[in-house]
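S.K.: Sharing a sequence plus its predicted fold:
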Amino acid sequence: MSEYSISAVGHIQSPYKQKFAIPRQPRLVPQAKAKLIFTTEFNREEFVRGIEEFSHIWLLFRFHETADKGYSAMVRPPRLGGNERKGVFATRATFRPNAIGMSAVKLEGVEYKNGQLSLLLAGIDLLDGTPIVDIKPYLPYSDAMHDASAGFADTRPETQMSVEFTPEAIDFIATQTHYPELKDFIANVLKQDPRPAYKKQKQGEQSYGMTLYNYNIRWQVNGEHNLVTSIENT
C-alpha cells in the first residue's frame, strides 16, 4: 500500500495561538504548558495506563495549518539565517511530505476531569489545536544518543537577547492569577528571538506583537534588547 489513513488521537491545547513566536524545537521554553485533549474514541484511561511512569513522551503530530500548502525538495532552515538551502529530509521544516512532525516533551501528569482525559505537558513547541496522531514513551537508553552529531544544528540555539518589562506590563502580570510563570514564559520566548531572519539584520527600533494564552503582548526590539511594553486581554 502507498496510501494510509491516519486519524488524530487528540489535539493540543496550547498557549501558542499563532505560529509566530513558537520555539523552533521542544523544551527550549520549559514554562510552555499545554494539555493533550483526547478525542472521543480514545477518551478512556486504559489508553494511557502506565504512562505516568515516564517523565517524557514523544508526540507525533500533523502540521495542520500548512499541510495543504504542499512541500519542496529544498528548504531554507531558519538556523542558517534563511540564506542556505538544504534537502527537506535533512531538516525539520514544516513544509514536508505528509506534514508530520515530532516533539519530545515533558509529561507532568494525567488528568481525568468531567469525563475528559488529558495529558499535562511542558516544554511544548506546538500551535494551539495541533492534531496528535500518536504518543510514545521517551526511552533515555535508546533515544538519547550522546555521541550523535547534528550537522548545522549541532548545538542549542543561543542568543544574547535581554528582556525588560515596563512597569505597566509588570502590574498586569501581578494582577493575573491563572499563570504564575507568565513573566518567565514571556521572557524565555523573547530570548529565543522569534523574529524572521531578515528582520534580525535591520537596525533601529522594531515593534512586534504576539498572542500567548489569552493575552496580547506587545514589545520593542532595539539591538539585542527586548522591552515588553504592554500586555492586554484578547
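M.R.: Right, received. Where do you want to start?
S.K.: check contacts around the residue nearest the centre of the chain.
M.R.: In the chain, the residue lying closest to the centroid (CA atoms, centre = their mean) is D125, at 1.1 Å. Shown in contact with D125 (CB atoms under 8 Å, 6 or more residues apart in numbering): Y16, I22, P23, R24, Q25, P26, R27, L28, V29, A32, S103. For glycine as for every other residue, the C-beta is placed from the backbone atoms N, C-alpha and C.
S.K.: Mind doing that once more with 6 Å?
M.R.: D125 sits next to I22, P23, P26, S103 when contact means CB atoms under 6 Å, 6 or more residues apart in numbering.
S.K.: Which one of those residues is nearest to G209?
M.R.: Within the contacts of D125, proximity to G209 (CB to CB) peaks at I22, which comes in at 14.6 Å.
S.K.: For the closest one, which non-adjacent residue is spatially closest?
M.R.: Take I22 and drop its neighbours on the chain: the residue closest to it by CB to CB, 6 or more residues apart in numbering is Y16, 4.8 Å away.
S.K.: now the lowest-mean-pLDDT helix or strand in the chain, how far from the chain's geometric center?
M.R.: Ranking every helix and strand in the chain by mean pLDDT, DSSP states H and E puts helix 197-200 at the bottom, with a mean of 78. In terms of CA atoms, centre = their mean, to the nearest Å, the centre of helix 197-200 is found 20 Å from the chain centre.
S.K.: I'd like the next helix or strand past it.
M.R.: Next helix or strand after helix 197-200 toward the C-terminus (DSSP states H and E): strand 206-212.
S.K.: what does that following strand rub up against?
M.R.: Residues external to strand 206-212 that are found in contact with it (CB under 6 Å, 6+ apart): P15, K17, Q18, F20, A21, I217, R218, W219, Q220, V221.
S.K.: If we use 10 Å, what do you get?
M.R.: Contact with strand 206-212 is made by 14-18, 20-22, 32, 128, 179, 182, 185-186, 189-190, 194-195, 199-200, 216-222, 226-227, 229-231, 234, as judged by CB atoms under 10 Å, 6 or more residues apart in numbering.
S.K.: Likewise for stretch 179-191?
M.R.: 15-16, 21-23, 28-33, 122, 158-165, 169-170, 172-174, 176, 208, 210, 212-215, 217, 219, 221, 225-228, 231.
S.K.: rerun that using 8 Å as the cut-off
M.R.: 15, 21, 23, 28-33, 159, 161-163, 165, 170, 173, 176, 210, 212-213, 215, 217, 219, 226, 228, 231.
S.K.: Alright, I will stop here.
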